[in-house]
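>>> got a predicted structure plus its sequence, pasted below:
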Amino acid sequence: MSLPDTPGWTHARAAWAMVLVALLWSTAGVVTRQLSHAQGFEVTFWRSFFTVLSLLAILPAWQGPGVFARMPWGRRAFWLSGLCWSVMFTAFMVALTMTGVARVLVTMSVAPLLTALISRVVTGRRLPARTWAAIVAAGAGMAWMFAGQLNESGGTVGAREWLGSLVALGVPLAAAVQWTVAQRSQAQGEPLDLVPAVLIGALISCAVTLPLAWPFQATGRDLAWLGFLGLAQLAVPCVLAMLCAQVLPAAEVSLLALLEVVFGIALVWLIAGEAPRPEVLAGGSLVIGALLGNELLGWRTRQQAADGIRAA
């Protein structure tokens, strides 16, 4: 399945749309803090359920009434992509109910570097020195952030906080596998449309978490918030991100996506009063700095190479 064209989308429009995507993605933390009764796997189930409903309406409107017949049901990569999405959905929402939003978002942000590592193992593609340096720096930032937990409560930390941090690691790991699958599909001449795979991931997440979510505790107000997450925090921005990716370079998409971390921490701090701990700010700054440096240096290298080709 190929993505539809985006006629009339200028670079500036796509860039601002990607900023909106990051803002919508970032609302998960502050919305989760508004829930009164729904917790854990129930939050994941309802978010995935409303994502399914949203995509069942959005996909036919966006890609035509035959979109479901055109899905590559027989491709293993398609199902592996869907499985990765389901892990990301589940791990992300469960982690948010167990530990701080800032810690979850910073942990998620290392996905591009994990993708580079996994791609190196799977495809054998050599990594530039700048990426290795970024991986080391980001690893140090993560260690700094998690080491801060050891000093909480006089040297002990609640099992729930630690478990939440470990669950959050499932998000960048699944994302790294997801993007590696997409890269291999592209290289083999069979590009993978990730939006229908999001639908598969949401369906798998619903099926897996339903038994764990029962009996339901969500109130009507909780369901309204969770419906917002399914539609506006996941389904709509995923479609927008795919459109932006057709116009913007991959490095620019990655840089703009990092705004999710900034927006997410700011929203939950300002609205829910959840201030990030000092070690999260310090370690997170090192992680984000490593990612920014790697992407900016990569962009500069590509620009210099393109200028050299034009000059020749």
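Noted; the coordinates are in hand.
>>> for the stretch 101-250 of the chain, which spans come out with low pLDDT?
Along the stretch 101-250 of the chain, the model assigns pLDDT under 70 to residues 123-125, 146-159, 186, 249-250.
>>> the helices in it, which residues?
Listed in chain order, the helices of the stretch 101-250 of the chain (DSSP state H, counting those that start in this stretch) span 101-108, 111-123, 129-150, 159-187, 194-213, 220-228, 236-245, 250-257.
>>> and the ones you listed: which comes nearest Gly64?
Nearest to Gly64 among the helices of the stretch 101-250 of the chain is helix 194-213 (12.3 Å), distances taken as CB to CB. Heads up, the C-betas are built off the backbone N, CA and C, glycines and all.
>>> now for the closest one, which elements pack on it?
On a contact count with 3 or more CB pairs under 8 Å, 6 or more residues apart in numbering; DSSP states H and E, helix 194-213 meets helix 40-63, helix 76-96, helix 236-245.
>>> most tightly surrounded among these?
Highest mean neighbour count of these: helix 76-96, a mean of 23 (counted as mean count of other CB atoms under 10 Å).
>>> circling back: which one of the helices of the stretch 101-250 of the chain is the most hemmed in?
Burial of the helices of the stretch 101-250 of the chain is given as mean neighbour count (mean count of other CB under 10 Å); helix 101-108 ranks first at a mean of 27.
>>> need the helices of the stretch 101-250 of the chain in TSV with distance to Ala28, can you?
Formatted as TSV, the helices of the stretch 101-250 of the chain follow (distance: least, CB to CB, whole Å):
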stretch	distance to Ala28
helix 101-108	8
helix 111-123	15
helix 129-150	19
helix 159-187	11
helix 194-213	14
helix 220-228	10
helix 236-245	11
helix 250-257	14
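>>> and Ala77, what does it touch?
Residues near Ala77 by CB atoms under 8 Å, 6 or more residues apart in numbering: Val181, Arg184, Ser185, Glu190, Leu192.
>>> next: Ala22.
So Ala22 contacts Leu256, Ala257, Leu258, Leu259, Glu260, Phe263 (CB under 8 Å, 6+ apart).
>>> am I right that the last one is in contact with Ala28?
This points to Phe263. No. Here Phe263 does not reach Ala28: they are 10.6 Å apart, not a contact under CB atoms under 8 Å.
>>> relative to Glu274, which of the helices of the stretch 101-250 of the chain is closest?
helix 101-108 (6.1 Å).
>>> rewinding a little: rebuild the helices and strands packed on helix 194-213 as JSON lines, extending it with distance to Gln217.
Below are the helices and strands packed on helix 194-213 laid out as JSON lines (distance: least, CB to CB, whole Å):
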{"stretch": "helix 40-63", "distance to Gln217": "6"}
{"stretch": "helix 76-96", "distance to Gln217": "15"}
{"stretch": "helix 236-245", "distance to Gln217": "27"}
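>>> where among these is the average confidence lowest?
Per-segment mean pLDDT for these reaches its minimum on helix 236-245, at a mean of 84.
>>> other SSEs contacting it?
Helix 236-245 sits against helix 11-25, helix 40-63, helix 194-213, helix 250-257, with contacts defined as 3+ CB pairs under 8 Å, 6+ apart.
>>> try it again at 6 Å.
helix 11-25, helix 194-213 (3 or more CB pairs under 6 Å, 6 or more residues apart in numbering; DSSP states H and E).
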